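Participant: Got a sequence here, can you build the structure:
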Amino acid sequence: MIVARNVSIAFVEVDIVARRGRDYALVEVKTAKAPALPETSLCEEQRRRLLHARDHIRSRTREARHVEVLLAAVAVDPSLPSDAGAGPKTELRFFRIGELEEDSRH
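Facilitator: Presented below is the predicted three-dimensional model:
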């Protein structure tokens, strides 16, 4: 369930905060038109700040069992029709921010 949109957590703007039971997800949304990849537009500073917000929730929210930071990457290809027939084709992919951070170190 989405519990907040465009909220500030520890001075970090978070696009979406979702919660299921005691599990939380902080979601950063990035959109790009093809051929650009939206997941590549998340800079290192944004990653660091989102992980700081995650750590803030972990340390301040007793009921939080698990806090995950996700990137929702929305790719839009205006040259292709959507499967539903209205508007351009879009593709939604999710990435764990911690995994992106680990991948960038190798």
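Participant: which of the residues in the helix or strand that V29 is a member of are buried?
Facilitator: In the assignment (DSSP states H and E), V29 maps to strand 23-33. Under the neighbour-count criterion of 16 or more other CB atoms under 10 Å, strand 23-33 has Y24, A25, L26, V27, E28, K30 buried. Where you see a C-beta, it was placed from the backbone N, CA and C, and this is true even at glycine.
Participant: Pick out the most distant pair among the residues you listed.
Facilitator: Y24 and K30 (19.9 Å; CB to CB).
Participant: rewinding a little: columns distance to R93 and pLDDT on top of the buried residues of strand 23-33, output as a markdown table?
Facilitator: As requested, the buried residues of strand 23-33 are exported to a markdown table (distance: CB to CB, whole Å; pLDDT from 0 to 100):
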| residue | distance to R93 | pLDDT |
| --- | --- | --- |
| Y24 | 21 | 93 |
| A25 | 15 | 95 |
| L26 | 17 | 96 |
| V27 | 12 | 97 |
| E28 | 13 | 96 |
| K30 | 10 | 95 |
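Participant: what bridges to the closest residue to S82 other than its chain neighbours?
Facilitator: What sits nearest to S82 in space, not counting adjacent residues and going by CB to CB, 6 or more residues apart in numbering, is K89, at 5.0 Å. Counting by DSSP bridges, K89 is bridged to D77.
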